[in-house]
Structure formats: C-alpha cells, structure tokens
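>>> Any chance you can model this:
(one chain, ligands or ions: 1)
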Amino acid sequence: MIFIDACFKKPTPTAPIWLMRQAGRYLSEYRATRAKAKNFIDFCRRSDLAAEATLQPIDILDADAAIMFSDILVVPLEMGIQVEFVEKTGPVLPSPIRTESDIDRLADDSADRLEYVYETLKITRRALAADKALIGFAGSPWTLATYMIEGGGSKNYAIAKKMAYSNPDLLHKLLRKLSVAIGDYLLRQIDAGADAVQIFDSWGGALEKSAFFEFDWRYTTQIADRVKSERPNTPVIIFGKGAGGYLEAIDGAFEVFGADWNTPMERAKSALFDRYALQGNMEPARLYDKKAIEIGARELARIMGKENGYIFNLGHGMQPDFSLDNVKFLIDFVRQIFAR
Ligand code: CP3
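Alright, predicted model coming up:
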C-alpha cells in the first residue's frame with residue numbers, strides 16, 4: 001500500500017493521493033446511495049450503504065486510500081446526545097452540554113454502540129483491493145466539544161470559549177471523557193480493519209496559542225499516544241485545521257501531519273518534516289478550474305517534489321458542486337508530476 005508506505009516515509013513510486021470528503025454529494029453515485037437511507041444518521045448506521053459510499057471514490061477516482069463513510073458526530077450521538085443533520089444548515093444538537101450533570105449523563109460505552117462503524121470497515125476491507133488503504137477516523141476532543149457545547153456549527157465558538165476561560169475545569173472534564181471515548185473508538189476501528197486512522201482537529205484554529213495547547217492539542221496527542229502504544233504498526237494522521245500558526249510547537253507521537261490550505265507547505269516542511277510525514281494541502285477551490293489545479297499541484301511538487309513521506313490531499317474537504325471531470329484530472333496530473 002503506497003499510502004501506508006508514505007505514512008512511514010518509505011519510498012513509493014509516486015506520491016499517494018486521496019481527498020478529504022472524497023465520498024460526497026459531488027458524486028451522483030453517492031447521491032443515489034444516500035437516497036436509499038431515511039436520513040443522514042440512518043445512512044451512517046446502515047453499514048451496507050456506508051461501505052458502498054466508501055468504495056465509490058476508489059472505483060470512480062482510483063484514489064490510493066478509502067476513508068470510511070461516517071461522520072465525526074456519531075461519537076456524541078452514541079454518547080447519548082441528540083444529533084440531527086438539517087438540510088442546508090448542517091448538524092444541529094438540540095440539547096447542548098452546558099453543566100456538569102450534562103457531562104455526567106454522557107454514556108461511557110459509546111465505543112460499544114458504534115458496532116455499525118466497525119461493520120462498515122469489515123465489509124469495506126473485504127471488498128477493497130490489497131494495494132488500497134482503508135482510513136478510519138474520529139474528530140478531536142475539542143472539535144467534538146465545540147459541536148456539543150454550541151449545539152451545532154459555530155462562527156465564533158463563543159459558548160465553548162466562554163467555558164474555556166470562565167470554567168476551564170468543566171471543559172477539561174468534558175475533554176477527558178471525550179478523549180477516552182475517541183481512543184476506545186479508534187482502537188476498535190483498527191481491529192475492524194482500518195489500516196490508518198486520521199484525527200480531524202477541524203476547529204483548533206479557533207483557539208489562541210496557549211488555549212490551543214491546553215484544550216486541544218494536549219488531548220489530541222494523548223489519544224495518538226495511546227493508539228501508538230497499543231497499535232504501533234498503524235499510522236496516525238492528525239489534520240490540524242488552523243494549526244498553521246503553531247507549527248513550531250507541534251509535538252507528539254503520530255506519523256503524519258495533515259496541513260490545511262492556510263499553512264504554507266514550505267513552513268510545514270521546515271518545521272515538521274524531519275519528524276513527521278506531511279499530507280495536504282491544495283486549496284480545494286482550485287478544483288473549480290483545470291489551470292488552477294495545475295498551478296496548485298505544481299507548486300506542491302516544487303516544495304515536496306520527490307520526497308518520501310508526502311501524501312497529496314486537499315487543505316480541507318471537497319464541495320458538493322465540484323466537477324468530477326476536474327477531480328479525475330487532478331488525480332492523473334498528481335500521479336504524473338510526482339512520479340519518481
Ligand atoms: O469522504 C469522507 O471524507 C468520509 C466521510 C466524512 C463525512 N464527514 C461525511 C459527511 C468525514 C471524514 C466527515 C468528517 C466531518 N464531519 C468533519 C471533519 C472534517 C472537516 O470538514 O473538518 C466535520 C467538522 C463534520 C461535521 C459535519 N458533517 C458537517 C459540518 C456537516 C454538514 C456540512 C455539509 O457538507 O453538509 C456534515 C454532514 C456530512 N458528513 C456530509 C457528508 C458527506 C454531507 C451530508 C449529506 O450527504 O447531505
């Protein structure tokens with residue numbers, strides 16, 4: 001698997017490529033599979049449908065890795081907090097976490113209730129070619145906490161930040177509980193067939209440096225440490241959206257740092273490449289235009305060139321209105337220009 005080799009900085013014939021949110025609405029096949037489910041959560045719980053959606057980008061795009069189809073919010077859902085996906089609004093959690101008793105009520109056994117995710121991984125791994133990697137994932141504790149405290153997506157994270165500065169002990173209590181649940185969950189994903197796991201630290205960039213390390217990075221790397229000590233042969237990727245300002249202080253036991261598109265890859269390379277493999281970080285909007293794709297991919301080739309330990313990806317997720325033709329063009333182009 002060239003993806004796994006690249007995670008461990010072993011030589012590969014070209015840079016492996018996969019795309020965050022590669023299973024999604026820009027694919028008509030995805031929309032057809034999704035239409036078979038009652039709603040988005042039912043879709044996540046239907047392992048047969050979720051496995052189908054996981055495999056589509058491999059069949060259609062020939063990506064080097066499949067990311068299991070699910071969502072980061074199944075963890076809060078199975079901790080017992082209501083989660084709804086509202087068309088055009090995104091996730092809504094109508095009973096957010098605000099008090100200590102809200103935290104005490106969260107179930108400790110969410111990893112047991114997520115059996116349908118492990119089933120998705122088992123079905124997918126059986127169907128997937130031996131040279132394609134299967135990536136499991138979870139949200140970081142802080143990222144999940146923002147949804148649980150705010151009650152959905154947020155522009156300024158005011159309620160979660162208020163808790164961080166006015167009642168840090170309460171936030172730490174929630175983050176500790178989430179860290180255990182997420183660690184349990186990732187270990188079970190590996191046992192069900194995930195060849196690598198990615199932690200989506202999507203909203204760390206909302207925090208100033210000291211708060212980032214106190215409330216986010218510390219917990220994210222605790223989980224990575226636990227996975228590394230219990231399953232040392234499985235690479236751990238951390239996607240740090242907004243961590244670009246804090247690169248010099250990034251530490252911890254994991255293999256791959258996933259850079260977002262705000263992070264100059266040259267800076268990520270000089271700060272991290274001696275200790276970590278790098279993944280990323282083409283601006284997703286470049287997919288709207290073939291010329292823009294060529295310029296973006298060439299720039300990454302100039303910086304990461306023929307280095308072992310580089311995985312091509314976008315700097316954040318795909319958009320529903322991307323053209324499939326352009327996505328295929330990107331993948332072919334990357335394979336060509338990164339060939340050793
Ligand atoms: O292809 C893949 O990458 C695998 C599947 C995947 C989904 N969500 C499916 C999904 C993954 C890895 C995620 C992670 C996720 N979910 C993150 C972290 C990644 C990031 O973007 O930073 C976050 C923050 C979420 C929370 C979430 N889920 C939001 C904000 C939304 C609504 C936004 C939107 O695009 O509608 C979702 C819903 C969701 N998760 C969709 C998909 C394909 C769209 C729902 C649909 O099909 O209608």
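
>>> List the contacts of the residue nearest the centre of the chain.
Nearest to the geometric centre of the chain sits F200, at 3.7 Å (CA atoms, centre = their mean). When contacts are counted by CB atoms under 8 Å, 6 or more residues apart in numbering, F200 touches I72, F137, A138, G139, S140, T143, F239, K241. The C-beta positions use only the backbone N, C-alpha and C, and glycine is treated the same way.

>>> Report the two of these separated the most.
Greatest spacing in those, by CB to CB: A138 and K241 (14.6 Å).

>>> how much space between the closest residue to the ligand within the stretch 201-340 of the chain and P141?
Nearest residue of the stretch 201-340 of the chain to the ligand: S202, at 3.2 Å (CB to the nearest ligand atom). With distances taken as CB to CB, to the nearest Å, S202 is found 12 Å from P141.

>>> out of the two, which sits in the more crowded spot?
Shown here are S202 and P141; by other CB atoms under 10 Å, P141 has more neighbours (29 against 22).

>>> Which positions in the stretch 101-250 of the chain make contact with the ligand?
F137, G153, F200, S202, K241 (CB under 6 Å from any ligand atom).

>>> Give the closest residue to S47 in space, chain neighbours not counted.
Among residues not flanking S47 along the chain, E119 sits closest, at 3.8 Å (CB to CB, 6 or more residues apart in numbering).

>>> next one: E230
Nearest to E230 is L187, by CB to CB, 6+ apart, at 6.0 Å.

>>> Tell me which of the residues of the stretch 101-250 of the chain next to the ligand fall in strands.
Judged by DSSP state E, strands contain the following of these: F137, F200.

>>> could the residues of the stretch 101-250 of the chain next to the ligand be laid out in JSON lines, adding pLDDT?
Below are these laid out as JSON lines (pLDDT from 0 to 100):
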{"residue": "F137", "pLDDT": "98"}
{"residue": "G153", "pLDDT": "96"}
{"residue": "F200", "pLDDT": "98"}
{"residue": "S202", "pLDDT": "96"}
{"residue": "K241", "pLDDT": "97"}
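
>>> from the residues of the stretch 101-250 of the chain next to the ligand, which two are the most distant?
F137 and G153, at 18.3 Å, using CB to CB across these.

>>> The two: which is more packed in?
F137 (22 against 14).

>>> Apart from its chain neighbours, what residue comes closest to that one?
Per CB to CB, 6+ apart, closest to F137 is Q198, 4.5 Å.

>>> Quickly note the distance from that neighbour to L314.
Relative to L314, and taking CB to CB, Q198 is found at 13 Å.

>>> out of those two, which sits in the more crowded spot?
L314 (27 against 23).

>>> Excluding covalently adjacent residues, which one is nearest to that one?
P284 (4.6 Å).

>>> I'd assumed A292 was in contact with the one you found.
No: between P284 and A292 there is no contact under CB atoms under 8 Å: 10.8 Å.

>>> more neighbours, those two?
P284 (20 against 15).

>>> Contact partners for that one?
W261, L314, G315, H316, G317, M318, Q319, F322 are the contacts of P284 under CB under 8 Å, 6+ apart.

>>> change it to 7 Å
L314, G315, H316, G317, M318, Q319 (CB atoms under 7 Å, 6 or more residues apart in numbering).
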